[in-house]
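Engineer: Just the structure for this:
(2 chains)
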There are 2 protein chains.
Amino acid sequence: MSERLAIYAEALFETLNGKTGHGVIRYGSREVVAVVDSTQAGRTASEVVPYCAQPVPIVATVAEAAALGADRLLIGVAPDGGKLSDAWRAALLDALERGMDAEAGLHSVLTDDPVLVAAAAKAGRRLVDLRVGPPDLDTPVGPYSRDASVRVVHSVGSDCAIGKMTVTLELDRAARARGERSVFVATGQTGIAISGWGIAVDHVISDYIAGAAERLVGEGAERGDLLFVEGQGSLYHPGYSGVTLGLLHGSAPDVLLLCHLAGQEAIHSYESVRLPALPEIVRCYEAACRPVRPATVAAIALNTRPLARDEDARAAISAAEAETGLVVDDPVRFGSDRLLDAVLAAFSD
Amino acid sequence: MSERLAIYAEALFETLNGKTGHGVIRYGSREVVAVVDSTQAGRTASEVVPYCAQPVPIVATVAEAAALGADRLLIGVAPDGGKLSDAWRAALLDALERGMDAEAGLHSVLTDDPVLVAAAAKAGRRLVDLRVGPPDLDTPVGPYSRDASVRVVHSVGSDCAIGKMTVTLELDRAARARGERSVFVATGQTGIAISGWGIAVDHVISDYIAGAAERLVGEGAERGDLLFVEGQGSLYHPGYSGVTLGLLHGSAPDVLLLCHLAGQEAIHSYESVRLPALPEIVRCYEAACRPVRPATVAAIALNTRPLARDEDARAAISAAEAETGLVVDDPVRFGSDRLLDAVLAAFSD
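Structural biologist: Residues are numbered from 1 along each chain as shown, chains lettered A, B, ... in the order given. Purely as a prediction, here's the structure:
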């Protein structure tokens, strides 16, 4: 993909819902020439969200992004429910009329929208739906169908939007730096926007979640032999737990990496759903794997973003290690080496 | 629905895959005038499958079914993966050309098939897709959003195709006979074919499983205050566990009814996946509910079909009661009263 992207995140770039744009800026191989968010115009992406790590200019309008050379507008937000809003749809039409492609990873499918289809045809540009999977999915063959030499690591989490994809990308990158034939296996829209392949398992017909996950592992195994499969949702999430379990059973991992946001005690947006202590979360995921293919949690990636000071972050990591007896670290803040050591050691046990 | 159905189950009526037809014959309110299965032609449905309980004639061809007055052909089989085979598609075309409607509950959508659409238009007949859900699904509001006076019972199982729908229908029927405002809540194609409403949660976009389940409970609550929500799949099933957990968390039951096939030790078609003992299965389902809304297993419906003699069935029931400390019975063989007593008692605890 050699496009020059503009990322549309009007009024949302600074929020968690802007995570698609953040991920594409931080990890994507495509050039990002602008972010569109009039509430932050004049600043840069990394000023507003340090995680982005790139000083991409933020502009107020699609027209300004086009003037900076953007030839594709990506909807860079991931709202609950995944619907295309009228405002975002208008932005995509604006982009098409200015000669840009339109790309999105929402549940609303761009190529199902006659107005967008007509506008794209008129402009001679493309509509790209990151979340639409292949048409020939099916149920899985089964948990022991793959080559025994393939090692599968799966990132699971206590909640959504706490950094599972980031942890997965960081560990894949660190493993490749060590000479491993490691592969990041994208299971969601942002991961696909970053890596250029994958299946958004939360958009497939629900009977085929596990089949889609099994197929992803098969495709990953053609690219390498250490697969880091991005997790989705949480077994504790009232809305997305089905996707989580289907992905867990379909990818049939050997090793789990548990992701948790430091200090979080309830599911975001569902405050009545309380999270248990970390050792219980570890037990829950291991128990969920057991019937299909046993797997152990090798380490915990603790997102310490809520803690401003490094010493508080280190204290939270130490406390989680004491509580669980597992290696715990924040790969974004302190590097991935200790987590990767623990993951690789789990395969030699 | 006042159609006169013919059920197409060529070469499969006698098998478990014929369960859609069996359920519609046993429980449906529509008249079934014929089954099409040339390998059983000349016999009746209840001779071949006693569960059907109706002596519907089995014929060899769609033409013979039409001659018996059928005005709609229903694909009466539920294959793994849910694809429409070429042979079944040909049967539907044959039916349309003979002036019948075509109905199916597969993942393959009839109205997406241009040849079927053209044939239906030419014949002036309907294509009916039982498995296609409403277009405006979304993520759920949350587990405590419903009226506290609504009681939700959910049938869960150790595997697919072991009688969860049957148990759910039997208990609903028994509850209505006692004067309860009881409702059968269909979550799959066969249940919808029987009751005329519902959502096939295994066909929705996987992000919306729980939202679909929550919506079904809301719609059920407009029809009564004791809801028997049909379960799907199994938490132990490598292919369908995601659907199971999404439905469990979305319907957020108060009480569970566990369904199990006597003597079964591994998942059908995935023999490497072994089932644990019944008390562990009970614990697994209760643990899965706990984060979102706690629920207890009130009783176990044991499908004793593999046991020919009633005394062996009674012994298996007694053994399961001793093993679990719960009320166990086979509602098809011995009636639903003891199970219903246990379910209703769980609400007064």
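
Engineer: For chain B, what's the nearest residue on the stretch 1-150 of chain A?
Structural biologist: A:Thr139 (4.1 Å; CB to the nearest CB). (C-beta placed from N, C-alpha, C; glycine too.)

Engineer: residues touching the residue lying closest to that residue once chain neighbours are set aside, list them.
Structural biologist: Of all residues beyond its chain neighbours, the one nearest A:Thr139 is B:Gly239 (4.1 Å), with distances taken as CB to CB, 6 or more residues apart in numbering or on different chains. Neighbour list for B:Gly239: A:139-140, A:207, A:210-211, A:249-250, B:80, B:233, B:270 [criterion: CB atoms under 8 Å, 6 or more residues apart in numbering or on different chains].

Engineer: hmm, which of the residues you listed are the buried ones?
Structural biologist: By neighbour count, with 16 or more other CB atoms under 10 Å in any protein chain shown, the contacts of B:Gly239 hold A:139-140, A:207, A:210-211, A:249-250, B:233, B:270 as buried.

Engineer: just to revisit the earlier point, among the contacts of B:Gly239, which are in strands?
Structural biologist: Using DSSP state E, B:Tyr270 are the members of the contacts of B:Gly239 that sit in strands.

Engineer: Mind checking which of the contacts of B:Gly239 are in helices?
Structural biologist: A:210-211, A:249-250 (DSSP state H).

Engineer: least trustworthy helix or strand in chain A by mean pLDDT?
Structural biologist: Every helix and strand of chain A was ranked by mean pLDDT, DSSP states H and E. The lowest is strand A:270-274, at a mean of 94.

Engineer: now for it, which elements pack on it?
Structural biologist: strand A:266-267 (3 or more CB pairs under 8 Å, 6 or more residues apart in numbering or on different chains; DSSP states H and E).

Engineer: Report whether stretch A:250-259 contacts chain B.
Structural biologist: Yes: counting by CB under 8 Å from any CB of the partner chain, chain B has neighbours in stretch A:250-259: A:250, A:252.

Engineer: First-to-last residue distance for that stretch?
Structural biologist: Length of stretch A:250-259, first residue to last, CA to CA, to the nearest Å: 19 Å.

Engineer: residue furthest from the geometric center of chain A?
Structural biologist: Within chain A, the residue lying farthest from the chain centre (CA atoms, centre = their mean) is A:Lys122, at 33.1 Å.

Engineer: Check the gap between that one and A:Leu73 for me.
Structural biologist: Counting by CB to CB, to the nearest Å, the separation of A:Lys122 from A:Leu73 is 16 Å.

Engineer: just A:Val273 next, same as before
Structural biologist: Taking CB to CB, one finds A:Val273 at 36 Å from A:Leu73.

Engineer: more neighbours, those two?
Structural biologist: A:Leu73 (28 against 21; other CB atoms under 10 Å in any protein chain shown).

Engineer: and that one, that's in a helix?
Structural biologist: No: looking at A:Leu73 with DSSP: H, G, I helix; E, B strand; the rest coil, it is strand, so not inside a helix.

Engineer: Is it in contact with A:Val62, as I believe?
Structural biologist: Yes: assessed by CB atoms under 8 Å, A:Leu73 is found in contact with A:Val62 at 6.3 Å.

Engineer: Pull up the overlap in contacts between the two.
Structural biologist: A:6, A:8, A:36, A:91, A:95, A:100.

Engineer: Now, of those, which are buried?
Structural biologist: Burial by neighbour count, judged by 16+ other CB under 10 Å, picks out A:6, A:8, A:36, A:91, A:95, A:100 from the shared contacts of A:Leu73 and A:Val62.

Engineer: among these, which are in helices?
Structural biologist: Per DSSP H, those map to helices at A:91, A:95.

Engineer: Now do the contacts for A:His154.
Structural biologist: A:229, A:231, A:247-248, A:251, A:253, A:255-257, A:295.

Engineer: For A:Val332, see how far away A:His303 is.
Structural biologist: One thing to correct before we go on: residue A:303 is Asn, not His. Note on A:Asn303: its distance to A:Val332, by CB to CB, is 7 Å.

Engineer: Need the overlap of contacts for those two.
Structural biologist: A:Gly163.

Engineer: higher neighbour count, these two?
Structural biologist: When A:Asn303 and A:Val332 are compared on other CB under 10 Å, the one with more neighbours turns out to be A:Asn303, at 26 against 20.

Engineer: The more buried one and chain B, how far apart?
Structural biologist: 20 Å (CB to the nearest CB, to the nearest Å).

Engineer: Surely that residue is in contact with A:Ala313?
Structural biologist: No: using CB under 8 Å, A:Asn303 makes no contact with A:Ala313, being 9.7 Å away.

Engineer: May I see the buried residues of stretch A:116-133?
Structural biologist: A:116, A:119-120, A:123, A:125, A:127-133.

Engineer: how about the helices in chain A?
Structural biologist: Applying DSSP H to chain A gives helices spanning A:19-27, A:45-48, A:62-67, A:86-97, A:114-123, A:164-177, A:189-195, A:209-221, A:241-251, A:278-289, A:310-324, A:331-334, A:337-348.

Engineer: Quick check: which of those helices is buried the most?
Structural biologist: helix A:241-251 (a mean of 30; mean count of other CB atoms under 10 Å in any protein chain shown).

Engineer: In contact with the spatially most central residue of chain A: list those residues for me.
Structural biologist: Among the residues of chain A, the one closest to the centroid is A:Met165, at 3.7 Å (CA atoms, centre = their mean). Counting by CB under 8 Å, 6+ apart, A:Met165 touches A:23, A:155, A:188, A:190-191, A:230.

Engineer: re the thing from before, now the least confident helix or strand of chain A against helix B:241-251, angle please.
Structural biologist: 110 degrees (axes from the mean of the first three to the mean of the last three CA atoms, to 10 degrees).

Engineer: outside of strand A:270-274, which residues touch it?
Structural biologist: So strand A:270-274 is contacted by A:236-239, A:265-267, B:142-144, B:291-292 (CB under 8 Å, 6+ apart).

Engineer: and it, how far out from the chain's middle?
Structural biologist: Relative to its parent chain, strand A:270-274 has a centroid offset of 23 Å by CA atoms, centre = their mean, to the nearest Å.

Engineer: So what are the sheet partners of it and their directions?
Structural biologist: Partners of strand A:270-274 in the sheet, by DSSP bridges, are strand A:266-267 (antiparallel).

Engineer: from memory A:Val150 sits against A:Glu222, does it?
Structural biologist: No: the criterion here is CB under 8 Å, and A:Val150 misses it with A:Glu222 at 9.9 Å.

Engineer: returning to what we had before: distance of the residue nearest to the centre of chain A from A:Phe347?
Structural biologist: In this view, A:Met165 and A:Phe347 are 22 Å apart by CB to CB.

Engineer: In contact with A:Thr44, which residues?
Structural biologist: By CB under 8 Å, 6+ apart, A:Thr44 lies in contact with A:54-58.

Engineer: same question, A:Val282
Structural biologist: Per CB under 8 Å, 6+ apart, neighbours of A:Val282: A:258, A:297, A:300, A:324, A:326.

Engineer: can you count the residues close to the second one?
Structural biologist: Neighbourhood size, A:Val297 [other CB under 10 Å]: 23.

Engineer: Who does it form a beta bridge with?
Structural biologist: Beta-bridge partners, per DSSP bridges, of A:Val297: A:Leu256.

Engineer: Please verify my assumption that it contacts A:Tyr285.
Structural biologist: Yes: checked against CB under 8 Å, the pair A:Val297 and A:Tyr285 is within contact range at 6.1 Å.

Engineer: residues shared between the contacts of those two?
Structural biologist: In contact with both A:Val297 and A:Tyr285: A:256, A:258, using CB under 8 Å, 6+ apart.
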